[in-house]
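S.K.: the following block contains a protein sequence and its predicted model.
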Amino acid sequence: MNAQPETTYKALINLIKENDPEADFSVIEKAYEFAKEAHKAQKRATGEPYIIHPLATAMTLAEMHLPVPIIAAGILHDVPEDTTRTIKDIEKEFGFEIGHLVEGITKLGKIKYRGMERYIENLRKMFLAMAEDVRVVVIKFADRLHNLETLDAIPPKKQYRVALESLEIFAPIANRLGMGEMRGRLEDASFKYVLPKEFEWTQNLVERSERQKHGYLEKIMDITRNDLTDASLTNFKVHGRAKHLYSTYRKLLRHDRNIARIYDLMAVRVVVPTLADCYAALGVIHGRWTPLKGRIKDYIAQPKPNGYRSLHTTVFCDDGEIVELQIRTYDMHEEAEYGIAAHWAYAENGKISKEKIEERIDWVSQLADIQKEFQDKKSYLHSLEELKIDIFRDRIFVFTPQGDVLDLPEDSTPVDFAYAIHTDIGNRCTASKVNDEIASLDRTLKSGDMVEIVTDKNRKGPNPDWLKFVKTRHAKSKIRQYARAGIASWIKGALPGIKK
Ligand code: MN
(Lines give C-alpha, C1' and ligand atoms only; values in the text may rest on other atoms or scores of the structure.)
Protein backbone atom coordinates (compact mmCIF):
# COMPACT_ATOMS: atom_id res chain seq x y z
CA MET A 1 0.00 0.00 0.00
CA ASN A 2 3.06 2.24 -0.01
CA ALA A 3 2.53 5.19 -2.27
CA GLN A 4 5.01 5.92 -5.04
CA PRO A 5 6.36 9.48 -5.31
CA GLU A 6 5.77 9.78 -9.06
CA THR A 7 2.15 8.64 -8.74
CA THR A 8 1.46 11.05 -5.90
CA TYR A 9 3.16 13.87 -7.77
CA LYS A 10 1.02 13.26 -10.86
CA ALA A 11 -2.12 13.20 -8.75
CA LEU A 12 -1.06 16.52 -7.22
CA ILE A 13 -0.54 18.13 -10.63
CA ASN A 14 -3.92 16.87 -11.81
CA LEU A 15 -5.67 18.22 -8.75
CA ILE A 16 -4.10 21.68 -9.13
CA LYS A 17 -5.02 21.63 -12.84
CA GLU A 18 -8.62 20.86 -11.94
CA ASN A 19 -8.78 23.84 -9.59
CA ASP A 20 -6.81 26.24 -11.76
CA PRO A 21 -5.71 25.30 -15.28
CA GLU A 22 -3.68 28.54 -15.48
CA ALA A 23 -1.58 27.80 -12.38
CA ASP A 24 2.21 28.14 -12.64
CA PHE A 25 3.17 24.46 -12.74
CA SER A 26 6.86 25.22 -13.25
CA VAL A 27 7.13 26.35 -9.61
CA ILE A 28 5.51 23.14 -8.38
CA GLU A 29 7.78 21.02 -10.55
CA LYS A 30 10.88 22.89 -9.40
CA ALA A 31 9.86 22.53 -5.74
CA TYR A 32 9.29 18.80 -6.26
CA GLU A 33 12.70 18.25 -7.90
CA PHE A 34 14.44 20.37 -5.26
CA ALA A 35 12.80 18.59 -2.29
CA LYS A 36 13.22 15.12 -3.83
CA GLU A 37 16.93 15.74 -4.31
CA ALA A 38 17.37 17.21 -0.80
CA HIS A 39 15.53 14.35 0.94
CA LYS A 40 16.90 11.60 -1.30
CA ALA A 41 18.86 9.78 1.44
CA GLN A 42 15.92 9.82 3.90
CA LYS A 43 13.14 7.38 4.59
CA ARG A 44 9.93 7.81 6.59
CA ALA A 45 9.29 5.59 9.61
CA THR A 46 6.88 3.75 7.31
CA GLY A 47 9.84 2.78 5.11
CA GLU A 48 8.65 4.95 2.23
CA PRO A 49 10.88 7.52 0.51
CA TYR A 50 10.70 10.74 2.56
CA ILE A 51 9.36 12.85 -0.31
CA ILE A 52 6.00 11.07 0.06
CA HIS A 53 5.34 13.13 3.19
CA PRO A 54 5.84 16.64 1.73
CA LEU A 55 3.85 15.54 -1.33
CA ALA A 56 0.95 14.38 0.86
CA THR A 57 1.10 17.71 2.69
CA ALA A 58 0.93 19.56 -0.64
CA MET A 59 -1.97 17.36 -1.72
CA THR A 60 -4.04 18.41 1.31
CA LEU A 61 -3.30 22.06 0.54
CA ALA A 62 -4.35 21.57 -3.09
CA GLU A 63 -7.59 19.94 -1.90
CA MET A 64 -8.33 23.20 -0.11
CA HIS A 65 -7.92 24.98 -3.48
CA LEU A 66 -4.96 26.95 -2.17
CA PRO A 67 -2.69 28.89 -4.55
CA VAL A 68 0.70 27.73 -5.88
CA PRO A 69 3.09 29.47 -3.41
CA ILE A 70 1.41 27.76 -0.46
CA ILE A 71 1.47 24.36 -2.17
CA ALA A 72 5.14 24.83 -3.13
CA ALA A 73 5.96 25.77 0.47
CA GLY A 74 4.17 22.57 1.53
CA ILE A 75 6.48 20.54 -0.72
CA LEU A 76 9.56 22.28 0.69
CA HIS A 77 8.46 22.45 4.33
CA ASP A 78 10.87 19.90 5.82
CA VAL A 79 13.93 20.77 3.72
CA PRO A 80 15.70 23.21 6.10
CA GLU A 81 14.96 21.09 9.18
CA ASP A 82 16.07 17.72 7.82
CA THR A 83 18.55 18.29 4.99
CA THR A 84 21.71 20.22 4.19
CA ARG A 85 19.82 22.79 2.11
CA THR A 86 19.04 25.96 4.04
CA ILE A 87 16.28 28.57 4.08
CA LYS A 88 18.71 30.86 2.25
CA ASP A 89 18.98 28.28 -0.56
CA ILE A 90 15.21 28.08 -0.82
CA GLU A 91 14.82 31.82 -0.85
CA LYS A 92 17.42 32.10 -3.60
CA GLU A 93 15.67 29.48 -5.74
CA PHE A 94 12.03 30.33 -5.03
CA GLY A 95 11.97 33.94 -3.91
CA PHE A 96 11.03 35.71 -0.69
CA GLU A 97 7.39 34.64 -0.33
CA ILE A 98 7.96 30.88 -0.48
CA GLY A 99 11.18 31.21 1.53
CA HIS A 100 9.34 33.13 4.21
CA LEU A 101 6.55 30.54 4.46
CA VAL A 102 9.06 27.68 4.79
CA GLU A 103 10.94 29.61 7.43
CA GLY A 104 7.73 30.05 9.42
CA ILE A 105 7.00 26.32 9.40
CA THR A 106 10.58 25.50 10.36
CA LYS A 107 10.31 27.79 13.39
CA LEU A 108 7.07 26.11 14.44
CA GLY A 109 8.74 22.72 14.33
CA LYS A 110 11.32 23.39 16.99
CA ILE A 111 9.67 22.74 20.33
CA LYS A 112 12.14 21.76 22.98
CA TYR A 113 10.10 21.37 26.17
CA ARG A 114 8.27 18.39 27.67
CA GLY A 115 4.90 18.03 29.39
CA MET A 116 3.01 21.17 30.40
CA GLU A 117 5.84 23.43 29.38
CA ARG A 118 5.72 21.92 25.95
CA TYR A 119 2.02 22.65 25.78
CA ILE A 120 2.50 26.31 26.62
CA GLU A 121 5.46 26.61 24.28
CA ASN A 122 3.44 25.06 21.50
CA LEU A 123 0.53 27.41 22.02
CA ARG A 124 2.80 30.40 22.10
CA LYS A 125 4.50 29.42 18.86
CA MET A 126 1.21 28.82 17.11
CA PHE A 127 -0.06 32.23 18.17
CA LEU A 128 3.08 33.99 17.08
CA ALA A 129 3.06 32.22 13.73
CA MET A 130 -0.59 33.07 13.22
CA ALA A 131 -0.13 36.68 14.09
CA GLU A 132 2.69 36.88 11.56
CA ASP A 133 1.27 34.84 8.68
CA VAL A 134 -1.73 32.57 9.07
CA ARG A 135 -0.75 30.66 5.94
CA VAL A 136 2.09 29.08 7.91
CA VAL A 137 -0.37 27.55 10.34
CA VAL A 138 -2.49 26.18 7.52
CA ILE A 139 0.57 24.42 6.05
CA LYS A 140 1.38 23.12 9.52
CA PHE A 141 -2.11 21.60 9.75
CA ALA A 142 -1.62 19.76 6.47
CA ASP A 143 1.80 18.55 7.66
CA ARG A 144 0.37 17.35 10.96
CA LEU A 145 -2.54 15.62 9.29
CA HIS A 146 -0.24 13.38 7.26
CA ASN A 147 1.89 12.67 10.32
CA LEU A 148 -1.26 11.59 12.16
CA GLU A 149 -2.35 9.41 9.27
CA THR A 150 0.99 7.58 9.36
CA LEU A 151 1.28 7.42 13.14
CA ASP A 152 1.15 3.62 13.29
CA ALA A 153 4.80 3.53 12.28
CA ILE A 154 6.11 5.26 15.42
CA PRO A 155 6.34 4.10 19.09
CA PRO A 156 3.04 4.15 21.05
CA LYS A 157 4.18 6.71 23.59
CA LYS A 158 5.04 9.20 20.88
CA GLN A 159 1.80 8.37 19.05
CA TYR A 160 -0.17 9.41 22.09
CA ARG A 161 1.73 12.67 22.56
CA VAL A 162 1.42 13.76 18.93
CA ALA A 163 -2.27 12.85 18.82
CA LEU A 164 -3.10 14.60 22.09
CA GLU A 165 -1.31 17.74 21.00
CA SER A 166 -3.26 17.70 17.74
CA LEU A 167 -6.54 17.25 19.55
CA GLU A 168 -5.90 19.94 22.16
CA ILE A 169 -4.04 22.56 20.18
CA PHE A 170 -4.24 22.11 16.41
CA ALA A 171 -7.89 21.14 16.01
CA PRO A 172 -9.30 23.95 18.19
CA ILE A 173 -7.21 26.50 16.30
CA ALA A 174 -8.42 25.10 12.97
CA ASN A 175 -11.94 25.48 14.33
CA ARG A 176 -11.29 29.08 15.31
CA LEU A 177 -10.05 29.78 11.79
CA GLY A 178 -13.34 28.39 10.48
CA MET A 179 -11.63 25.38 8.88
CA GLY A 180 -14.36 22.84 9.66
CA GLU A 181 -13.08 20.13 7.39
CA MET A 182 -9.50 20.38 8.66
CA ARG A 183 -10.66 20.41 12.25
CA GLY A 184 -12.76 17.28 11.69
CA ARG A 185 -9.92 15.43 9.97
CA LEU A 186 -7.36 16.36 12.65
CA GLU A 187 -9.74 15.30 15.41
CA ASP A 188 -10.72 12.02 13.82
CA ALA A 189 -7.10 11.09 13.08
CA SER A 190 -6.11 11.85 16.71
CA PHE A 191 -9.17 10.32 18.37
CA LYS A 192 -8.05 6.76 17.61
CA TYR A 193 -4.78 7.21 19.54
CA VAL A 194 -5.97 9.38 22.40
CA LEU A 195 -9.10 7.38 23.33
CA PRO A 196 -8.82 4.06 21.45
CA LYS A 197 -11.70 2.30 23.23
CA GLU A 198 -14.07 5.23 22.85
CA PHE A 199 -13.05 5.55 19.23
CA GLU A 200 -13.99 1.97 18.53
CA TRP A 201 -17.27 2.26 20.42
CA THR A 202 -18.25 5.40 18.49
CA GLN A 203 -17.22 3.91 15.17
CA ASN A 204 -19.31 0.78 15.67
CA LEU A 205 -22.31 2.76 16.82
CA VAL A 206 -22.12 5.12 13.87
CA GLU A 207 -21.61 2.36 11.32
CA ARG A 208 -24.64 0.48 12.56
CA SER A 209 -26.78 3.57 12.55
CA GLU A 210 -25.62 4.57 9.06
CA ARG A 211 -26.49 1.15 7.67
CA GLN A 212 -30.00 1.54 9.04
CA LYS A 213 -30.52 5.07 7.82
CA HIS A 214 -28.76 5.01 4.48
CA GLY A 215 -31.59 3.97 2.16
CA TYR A 216 -33.95 6.25 3.99
CA LEU A 217 -31.75 9.28 3.49
CA GLU A 218 -31.50 8.60 -0.25
CA LYS A 219 -35.27 8.79 -0.40
CA ILE A 220 -35.35 12.08 1.51
CA MET A 221 -32.76 13.57 -0.86
CA ASP A 222 -34.75 12.51 -3.92
CA ILE A 223 -37.92 14.10 -2.57
CA THR A 224 -36.00 17.29 -1.72
CA ARG A 225 -34.52 17.52 -5.23
CA ASN A 226 -37.96 17.12 -6.80
CA ASP A 227 -39.57 19.66 -4.49
CA LEU A 228 -36.85 22.24 -5.15
CA THR A 229 -37.18 21.75 -8.91
CA ASP A 230 -40.97 22.10 -8.68
CA ALA A 231 -40.39 25.38 -6.84
CA SER A 232 -38.27 26.57 -9.82
CA LEU A 233 -34.94 26.48 -7.98
CA THR A 234 -32.01 25.69 -10.27
CA ASN A 235 -28.29 24.86 -10.08
CA PHE A 236 -28.58 23.41 -6.60
CA LYS A 237 -26.88 20.35 -5.14
CA VAL A 238 -28.36 17.98 -2.58
CA HIS A 239 -26.05 15.52 -0.90
CA GLY A 240 -25.60 13.62 2.35
CA ARG A 241 -22.94 14.45 4.85
CA ALA A 242 -21.69 12.15 7.57
CA LYS A 243 -20.76 13.78 10.85
CA HIS A 244 -17.12 13.49 11.85
CA LEU A 245 -16.48 10.76 14.43
CA TYR A 246 -14.93 12.82 17.20
CA SER A 247 -17.62 15.48 17.12
CA THR A 248 -20.23 12.70 17.17
CA TYR A 249 -18.48 11.26 20.23
CA ARG A 250 -18.54 14.58 22.06
CA LYS A 251 -22.19 14.98 21.26
CA LEU A 252 -22.91 11.46 22.49
CA LEU A 253 -21.33 12.36 25.82
CA ARG A 254 -23.70 15.29 26.11
CA HIS A 255 -26.71 13.05 25.38
CA ASP A 256 -26.26 10.11 27.76
CA ARG A 257 -24.38 8.18 25.08
CA ASN A 258 -27.69 7.65 23.32
CA ILE A 259 -27.28 7.79 19.54
CA ALA A 260 -31.03 8.04 18.98
CA ARG A 261 -30.84 11.55 20.42
CA ILE A 262 -28.38 12.79 17.83
CA TYR A 263 -30.37 14.12 14.92
CA ASP A 264 -27.54 15.34 12.75
CA LEU A 265 -25.56 12.11 12.55
CA MET A 266 -26.48 11.94 8.90
CA ALA A 267 -27.55 15.28 7.57
CA VAL A 268 -28.76 16.38 4.18
CA ARG A 269 -26.93 19.31 2.71
CA VAL A 270 -28.58 21.62 0.21
CA VAL A 271 -26.24 23.98 -1.63
CA VAL A 272 -27.84 26.74 -3.71
CA PRO A 273 -26.60 29.71 -5.79
CA THR A 274 -27.94 32.70 -3.84
CA LEU A 275 -28.86 33.89 -0.36
CA ALA A 276 -32.51 34.26 -1.39
CA ASP A 277 -32.45 30.63 -2.59
CA CYS A 278 -31.43 29.55 0.93
CA TYR A 279 -34.61 30.91 2.48
CA ALA A 280 -36.70 29.76 -0.47
CA ALA A 281 -35.34 26.23 -0.03
CA LEU A 282 -36.09 26.36 3.69
CA GLY A 283 -39.69 27.28 2.88
CA VAL A 284 -39.98 24.43 0.40
CA ILE A 285 -38.65 21.91 2.93
CA HIS A 286 -40.98 23.13 5.67
CA GLY A 287 -43.85 22.90 3.19
CA ARG A 288 -43.16 19.19 2.88
CA TRP A 289 -42.19 18.24 6.44
CA THR A 290 -42.92 19.69 9.88
CA PRO A 291 -39.91 21.29 11.54
CA LEU A 292 -39.00 20.38 15.11
CA LYS A 293 -39.70 23.27 17.41
CA GLY A 294 -36.61 25.22 18.42
CA ARG A 295 -34.39 23.44 15.93
CA ILE A 296 -34.43 26.02 13.13
CA LYS A 297 -31.12 27.84 13.30
CA ASP A 298 -30.33 30.86 11.19
CA TYR A 299 -26.55 31.02 11.19
CA ILE A 300 -26.78 33.33 8.17
CA ALA A 301 -28.40 36.17 10.11
CA GLN A 302 -26.28 35.27 13.16
CA PRO A 303 -23.08 33.52 12.10
CA LYS A 304 -21.18 31.40 14.62
CA PRO A 305 -18.15 33.08 16.24
CA ASN A 306 -15.82 31.32 13.80
CA GLY A 307 -17.74 32.75 10.83
CA TYR A 308 -19.83 29.67 10.02
CA ARG A 309 -22.96 30.47 8.00
CA SER A 310 -25.85 28.17 7.02
CA LEU A 311 -29.51 27.54 7.77
CA HIS A 312 -30.15 24.42 9.84
CA THR A 313 -33.50 22.77 10.33
CA THR A 314 -34.57 19.42 11.74
CA VAL A 315 -37.78 17.95 10.40
CA PHE A 316 -40.09 15.02 11.02
CA CYS A 317 -40.10 13.03 7.81
CA ASP A 318 -42.48 10.24 6.90
CA ASP A 319 -42.65 7.37 9.41
CA GLY A 320 -41.61 9.81 12.15
CA GLU A 321 -37.92 9.71 11.18
CA ILE A 322 -36.03 12.84 12.16
CA VAL A 323 -33.56 14.38 9.70
CA GLU A 324 -31.42 17.50 9.82
CA LEU A 325 -31.03 19.62 6.68
CA GLN A 326 -28.36 22.27 6.21
CA ILE A 327 -28.86 24.94 3.59
CA ARG A 328 -26.15 27.27 2.28
CA THR A 329 -24.80 28.99 -0.82
CA TYR A 330 -21.75 27.70 -2.69
CA ASP A 331 -19.66 30.51 -1.18
CA MET A 332 -20.80 29.68 2.33
CA HIS A 333 -20.01 26.05 1.63
CA GLU A 334 -16.40 26.81 0.65
CA GLU A 335 -16.02 28.95 3.74
CA ALA A 336 -17.54 26.36 6.06
CA GLU A 337 -15.15 23.71 4.77
CA TYR A 338 -11.96 25.71 4.40
CA GLY A 339 -12.50 28.79 6.57
CA ILE A 340 -9.79 31.35 6.27
CA ALA A 341 -8.17 29.31 3.51
CA ALA A 342 -11.24 29.87 1.31
CA HIS A 343 -10.31 33.52 1.02
CA TRP A 344 -6.90 32.82 -0.43
CA ALA A 345 -8.24 30.33 -2.88
CA TYR A 346 -10.00 32.93 -4.99
CA ALA A 347 -7.90 35.98 -4.20
CA GLU A 348 -5.53 37.58 -6.68
CA ASN A 349 -2.01 36.17 -6.39
CA GLY A 350 -3.05 34.27 -3.32
CA LYS A 351 -3.32 37.43 -1.26
CA ILE A 352 -6.45 38.27 0.67
CA SER A 353 -7.48 41.65 1.90
CA LYS A 354 -6.04 42.73 5.21
CA GLU A 355 -9.51 43.38 6.60
CA LYS A 356 -10.55 39.79 5.92
CA ILE A 357 -7.56 38.46 7.81
CA GLU A 358 -8.00 40.88 10.66
CA GLU A 359 -11.64 40.01 10.99
CA ARG A 360 -10.63 36.40 11.44
CA ILE A 361 -7.62 36.77 13.62
CA ASP A 362 -8.63 39.52 15.97
CA TRP A 363 -8.93 36.87 18.65
CA VAL A 364 -5.33 35.89 17.96
CA SER A 365 -4.08 39.13 19.44
CA GLN A 366 -6.37 38.64 22.43
CA LEU A 367 -4.87 35.23 22.95
CA ALA A 368 -1.40 36.66 22.68
CA ASP A 369 -2.28 38.96 25.58
CA ILE A 370 -3.51 36.09 27.73
CA GLN A 371 -0.34 34.29 26.83
CA LYS A 372 1.82 37.06 28.19
CA GLU A 373 0.10 36.79 31.56
CA PHE A 374 1.14 33.18 31.73
CA GLN A 375 4.79 33.89 31.24
CA ASP A 376 4.83 34.13 35.00
CA LYS A 377 5.75 30.55 35.79
CA LYS A 378 4.04 30.27 39.14
CA SER A 379 0.60 30.88 37.82
CA TYR A 380 0.56 29.07 34.56
CA LEU A 381 0.30 25.48 35.66
CA HIS A 382 -2.61 26.34 37.89
CA SER A 383 -4.30 28.38 35.23
CA LEU A 384 -3.83 25.95 32.42
CA GLU A 385 -7.25 24.38 32.74
CA GLU A 386 -8.93 27.78 32.76
CA LEU A 387 -6.87 28.88 29.80
CA LYS A 388 -7.91 25.82 27.87
CA ILE A 389 -11.54 26.36 28.71
CA ASP A 390 -11.50 30.01 27.76
CA ILE A 391 -9.77 29.57 24.46
CA PHE A 392 -11.02 26.35 23.12
CA ARG A 393 -14.54 25.70 24.19
CA ASP A 394 -17.36 26.66 21.95
CA ARG A 395 -18.51 30.20 22.32
CA ILE A 396 -21.95 31.73 22.62
CA PHE A 397 -23.29 35.13 21.59
CA VAL A 398 -25.42 37.04 24.07
CA PHE A 399 -26.90 40.50 23.83
CA THR A 400 -27.10 43.55 26.06
CA PRO A 401 -30.45 45.38 26.23
CA GLN A 402 -28.82 47.96 23.93
CA GLY A 403 -28.20 45.25 21.33
CA ASP A 404 -24.44 44.94 21.78
CA VAL A 405 -23.11 41.45 21.27
CA LEU A 406 -20.82 39.71 23.72
CA ASP A 407 -18.83 36.62 22.86
CA LEU A 408 -18.62 34.28 25.90
CA PRO A 409 -17.63 30.66 26.45
CA GLU A 410 -20.43 28.10 26.42
CA ASP A 411 -22.20 27.65 29.77
CA SER A 412 -21.39 31.19 30.89
CA THR A 413 -23.65 32.75 33.52
CA PRO A 414 -25.05 36.26 34.10
CA VAL A 415 -22.08 36.89 36.41
CA ASP A 416 -19.63 36.15 33.57
CA PHE A 417 -21.68 38.50 31.42
CA ALA A 418 -21.57 41.23 34.09
CA TYR A 419 -17.78 41.00 34.42
CA ALA A 420 -17.38 40.98 30.66
CA ILE A 421 -19.12 44.35 30.56
CA HIS A 422 -17.26 45.99 33.41
CA THR A 423 -15.57 44.96 36.67
CA ASP A 424 -17.82 47.33 38.64
CA ILE A 425 -20.95 45.80 37.16
CA GLY A 426 -19.64 42.36 38.12
CA ASN A 427 -18.71 43.40 41.64
CA ARG A 428 -22.09 45.02 42.27
CA CYS A 429 -24.47 42.66 40.50
CA THR A 430 -27.31 41.35 42.61
CA ALA A 431 -29.80 39.95 40.13
CA SER A 432 -30.26 39.39 36.43
CA LYS A 433 -32.95 39.25 33.81
CA VAL A 434 -32.65 36.91 30.87
CA ASN A 435 -35.02 37.65 28.01
CA ASP A 436 -36.96 39.98 30.33
CA GLU A 437 -37.49 37.38 33.01
CA ILE A 438 -35.82 37.29 36.42
CA ALA A 439 -33.07 34.68 36.31
CA SER A 440 -30.70 33.39 38.97
CA LEU A 441 -27.09 34.49 38.73
CA ASP A 442 -25.89 30.94 38.07
CA ARG A 443 -28.24 30.38 35.17
CA THR A 444 -26.61 28.93 32.03
CA LEU A 445 -26.82 31.39 29.16
CA LYS A 446 -27.57 30.40 25.59
CA SER A 447 -26.71 32.01 22.28
CA GLY A 448 -29.21 34.74 21.47
CA ASP A 449 -30.16 35.45 25.11
CA MET A 450 -30.68 39.09 26.01
CA VAL A 451 -29.19 39.69 29.43
CA GLU A 452 -29.77 42.56 31.79
CA ILE A 453 -27.84 42.98 35.05
CA VAL A 454 -29.37 44.59 38.13
CA THR A 455 -26.73 46.24 40.29
CA ASP A 456 -26.82 47.54 43.82
CA LYS A 457 -24.49 50.45 44.43
CA ASN A 458 -24.37 49.64 48.14
CA ARG A 459 -23.13 46.17 47.52
CA LYS A 460 -19.63 45.73 48.94
CA GLY A 461 -18.34 43.20 46.46
CA PRO A 462 -18.77 39.84 44.78
CA ASN A 463 -19.87 36.70 46.58
CA PRO A 464 -16.97 34.18 46.73
CA ASP A 465 -19.55 31.42 46.11
CA TRP A 466 -19.80 32.71 42.54
CA LEU A 467 -16.46 31.03 41.93
CA LYS A 468 -18.37 27.76 41.98
CA PHE A 469 -20.26 28.55 38.79
CA VAL A 470 -18.56 31.28 36.79
CA LYS A 471 -16.95 30.07 33.56
CA THR A 472 -14.66 32.83 32.35
CA ARG A 473 -11.14 33.24 33.55
CA HIS A 474 -11.79 36.95 33.67
CA ALA A 475 -14.66 36.70 36.18
CA LYS A 476 -12.76 34.20 38.32
CA SER A 477 -9.69 36.36 38.58
CA LYS A 478 -11.76 39.48 39.41
CA ILE A 479 -13.69 37.68 42.14
CA ARG A 480 -10.49 36.23 43.61
CA GLN A 481 -8.78 39.58 43.40
CA TYR A 482 -11.59 41.15 45.34
CA ALA A 483 -11.50 38.37 47.94
CA ARG A 484 -7.75 38.85 48.43
CA ALA A 485 -8.05 42.61 48.71
CA GLY A 486 -10.89 42.09 51.20
CA ILE A 487 -8.78 39.87 53.44
CA ALA A 488 -5.87 42.29 53.25
CA SER A 489 -8.02 45.21 54.36
CA TRP A 490 -9.67 43.08 57.01
CA ILE A 491 -6.23 42.22 58.45
CA LYS A 492 -5.27 45.85 58.38
CA GLY A 493 -8.51 46.82 60.10
CA ALA A 494 -8.29 44.07 62.70
CA LEU A 495 -4.67 44.77 63.56
CA PRO A 496 -4.38 48.50 63.17
CA GLY A 497 -1.00 48.67 64.88
CA ILE A 498 0.78 46.47 62.39
CA LYS A 499 2.83 48.08 59.70
CA LYS A 500 3.53 46.39 56.45
MN1 MN B 1 6.61 17.54 7.93
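M.R.: Sure thing, it's come through.
S.K.: residue 315 is in contact with residue 323, isn't it?
M.R.: Yes - the pair residue 315 / residue 323 is scored as a contact, 6.1 Å apart, by CB atoms under 8 Å. All C-beta spots, glycine's among them, are computed from the backbone N, C-alpha and C.
S.K.: between the two, tell me which one has more neighbours.
M.R.: residue 323 (24 against 21; other CB atoms under 10 Å).
S.K.: how close does that one get to residue 54?
M.R.: According to CB to CB, to the nearest Å, residue 323 and residue 54 sit 42 Å apart.
S.K.: same check on residue 301?
M.R.: In this view, residue 301 and residue 54 are 43 Å apart by CB to CB.
S.K.: got it, and residue 163?
M.R.: Per CB to CB, residue 163 is found 21 Å from residue 54.
S.K.: over to residue 294?
M.R.: For residue 294, the distance to residue 54 (CB to CB) stands at 48 Å.
S.K.: likewise for residue 470?
M.R.: The value you get for residue 470 to residue 54, if CB to CB is used, is 46 Å.
S.K.: and if you look at residue 103?
M.R.: Separation of residue 103 from residue 54 (CB to CB) stands at 16 Å.
S.K.: between these two, point out the one with more neighbours.
M.R.: Each of residue 103 and residue 54 has its neighbours counted (other CB under 10 Å); residue 54 has more, 27 against 19.
S.K.: how about the residues of this protein by the ion?
M.R.: 78, 143 (CB under 5 Å from the ion).
S.K.: measure how buried the residue in the stretch 151-300 of the chain that the ion sits nearest to is and give me the count.
M.R.: The nearest approach of the stretch 151-300 of the chain to the ion comes at residue 162, 11.7 Å away (CB to the ion). By the criterion of other CB under 10 Å, residue 162 has 20 neighbours.
S.K.: what secondary structure does residue 312 sit in?
M.R.: With DSSP: H, G, I helix; E, B strand; the rest coil as the basis, residue 312 sits in strand.
S.K.: phi first, then psi, for the closest residue to it other than its chain neighbours.
M.R.: Among residues not flanking residue 312 along the chain, residue 297 sits closest, at 4.2 Å (CB to CB, 6 or more residues apart in numbering). With angles defined as degrees, to the nearest 10, residue 297 sits at phi -120, psi 120.
S.K.: tell me which residues touch residue 297, please.
M.R.: Contact partners of residue 297, counting by CB atoms under 8 Å, 6 or more residues apart in numbering, are 311, 312, 313.
S.K.: who's the first one bridged to?
M.R.: Right, residue 311. Beta-bridge partners for residue 311, by DSSP bridges, are residue 298, residue 327.
S.K.: who touches the closest residue to the ion within the stretch 251-400 of the chain in this structure?
M.R.: Nearest to the ion, among the residues of the stretch 251-400 of the chain, is residue 341, at 18.3 Å (CB to the ion). Residue 341 makes contacts with 64, 65, 66, 138, 177, 179, 182, as judged by CB under 8 Å, 6+ apart.
S.K.: same question for residue 425.
M.R.: Per CB under 8 Å, 6+ apart, neighbours of residue 425: 418, 419, 453, 455.
S.K.: where does the first one sit, in terms of helix or strand?
M.R.: If I follow you right, that is residue 418. Assigned by DSSP states H and E, residue 418 belongs to helix 414-421.
S.K.: in the protein, where is pLDDT below threshold?
M.R.: The chain contains residues with pLDDT under 70 at 1-3, 110-132, 343-395, 397, 402-405, 447-448, 486-500.
S.K.: tell me which element the residue nearest the centre of it is part of?
M.R.: A centroid search over the chain (CA atoms, centre = their mean) returns residue 175, at 0.7 Å, as the residue closest to the centre. Counting by DSSP H and E, the element that carries residue 175 is helix 171-176.
S.K.: helices or strands up against that helix?
M.R.: helix 180-194 (3 or more CB pairs under 8 Å, 6 or more residues apart in numbering; DSSP states H and E).
S.K.: what's near enough to touch the closest residue to the residue nearest to the centre of the chain other than its chain neighbours?
M.R.: Nearest residue to residue 175 in three dimensions, chain neighbours excluded: residue 183, at 4.5 Å (CB to CB, 6+ apart). Counting by CB under 8 Å, 6+ apart, residue 183 makes contact with 171, 172, 174, 175.
S.K.: that older thread, any idea how far the helix holding residue 418 is from the chain center?
M.R.: In this view, helix 414-421 has its centroid 25 Å away from the chain centroid, taken as CA atoms, centre = their mean, to the nearest Å.
S.K.: check stretch 11-20 too.
M.R.: In terms of CA atoms, centre = their mean, the centre of stretch 11-20 is found 27 Å from the chain centre.
S.K.: ok, now how distant is residue 87 from the ion?
M.R.: 15 Å (CB to the ion, to the nearest Å).
S.K.: surely that residue meets residue 104?
M.R.: No - at 10.1 Å, residue 87 and residue 104 do not qualify as touching, with contact defined as CB under 8 Å.
S.K.: between those two, which has more neighbouring residues?
M.R.: A side-by-side neighbour count of residue 87 and residue 104, using other CB under 10 Å, places residue 104 first with 23 against 17.
S.K.: for that one, pull up the helix or strand it's in.
M.R.: For residue 104, the element it lies in under DSSP H and E is helix 96-109.
S.K.: ok, residue 239 next?
M.R.: Element membership of residue 239 [criterion: DSSP H and E] is strand 237-242.
S.K.: before we move on, back to that, tell me what the helix holding residue 104 is packed against?
M.R.: With contacts taken as 3+ CB pairs under 8 Å, 6+ apart, helix 96-109 sits against helix 68-76, helix 79-82, helix 87-94, helix 115-132, helix 134-149.
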